[in-house]
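Visitor: I would like the atomic coordinates for the input below:
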Amino acid sequence: MSHNHNHIHKHQVQGKNLMYSILLNVVITVAQVVGGILSGSLALISDALHNFSDVLSLIISYVAHKLSRREASFEQTFGLKRAELIAAFVNALSLIVVAIYLIYEAIGRFFHPHEIQPGLVIWLAALGILVNGFSVLLLKKDADHNLNMKSAYLHLLTDMLASVAVLVGGILMYYYQIYWIDSILTLIIAIYLIVVGADLLIKATKMLMLFTPEEINIKEIVEAVNQIQGVKLLHHVHVWHLNEEELHLEAHLDCSEDIKLSEFNDLLHKIESVLLEKFQINHVNIQPEFQKEDPKEIIVQD
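Guide: A predicted model of the protein is given here:
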């Protein structure tokens, strides 16, 4: 069995940006909780609750980021590279849980509206926009390259949008005394959280369950490898993400001739080049065979 790694240059995620975001969100969470209680604004309290979930999600993401950098050992042969996928899953799930709670509270408040002090709501919403907006900018680049960072980024982005909605609601309440807008905006925020949270949850779940990546067509991989001279048939194929940086292929390879190991090394190098250049697969684990009697299907139930 031959196992080889080809490392593509990847964007290096900066954990320090997460730490800055954690500190900023602790400050805004405390301010919004106090302001929400004093003003009576459910939207502001919901925004603070979401900010608190941001703090937790950012801490989870930060810890996962650090764990994923640990080296492999005899006890952890892959290291802890999947820690970030678990963090993304937990963060996505927390988005949905928070959203469901907000919907419950918003419906209750809609039928039993409270008078709200919009002035305080406006100032704290503006503060939330500034703090979360800065945090979003800190994580934007990392979010484009890492699912864990994207989960933290989405928490912050949706909270920034929530603060915008709260600000608009505060202005409407200040000038027109439309207090029910507080509940409506909370519902809109919650629905948006469910949409983005569900999408992230599905992506993280697929990676954790070792689904074939959506951009990968296994039949095309087999066709490309089978065209290489010396290959008779690539079969028993598995393709999965260990994490977002490492795309693995494991397969059996029927050789067309009974070749020496040194010749197989040359053949393997050609296969690795095709898989890397055409499919961005950078970890290849192939079992060489010659006239071995075993299932020859592309997909074989282990």
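
Visitor: domain parsing for the chain?
Guide: 2-208, 218-289 (automatic domain parsing).

Visitor: what's the span of the shortest one, first residue to last?
Guide: Read it as domain 218-289. 20 Å (CA to CA, to the nearest Å).

Visitor: any weak-confidence spans in the stretch 51-200 of the chain?
Guide: 113-117, 179 (pLDDT under 70).

Visitor: show me the helices in it, by range?
Guide: 83-111, 118-143, 147-176, 181-208 (DSSP state H, counting those that start in this stretch).

Visitor: most tightly packed of these?
Guide: helix 147-176 (a mean of 23; mean count of other CB atoms under 10 Å). Any C-beta I mention is one placed from the backbone N, CA and C, and that applies to glycine too.

Visitor: now do it: distance to the chain's middle.
Guide: Computed by CA atoms, centre = their mean, to the nearest Å, the chain-centroid distance of helix 147-176 equals 20 Å.

Visitor: ok, Ile271 touching Ile286?
Guide: Yes: counting by CB atoms under 8 Å, Ile286 is a contact partner of Ile271 at 6.9 Å.

Visitor: identify the contacts common to those two.
Guide: Counting by CB atoms under 8 Å, 6 or more residues apart in numbering, the shared contacts of Ile271 and Ile286 are Leu253.

Visitor: so what's Val222 up against?
Guide: Leu234, His235, Val237, Ile298.

Visitor: ok, now how distant is the first one from Asn226?
Guide: So the one you mean is Leu234. According to CB to CB, to the nearest Å, Leu234 and Asn226 sit 6 Å apart.

Visitor: before we move on, back to that, what about the contacts of Val222, which are in helices?
Guide: Using DSSP state H, no member of those falls within helices.

Visitor: which one of those residues is nearest Asn91?
Guide: Val237 (31.8 Å; CB to CB).

Visitor: coming back round to it: out of the helices of the stretch 51-200 of the chain, nearest to Lys278?
Guide: helix 181-208 (21.4 Å).

Visitor: just want the angle from the closest one to helix 83-111.
Guide: Per axes from the mean of the first three to the mean of the last three CA atoms, to 10 degrees, the angle that helix 181-208 makes with helix 83-111 is 160 degrees.
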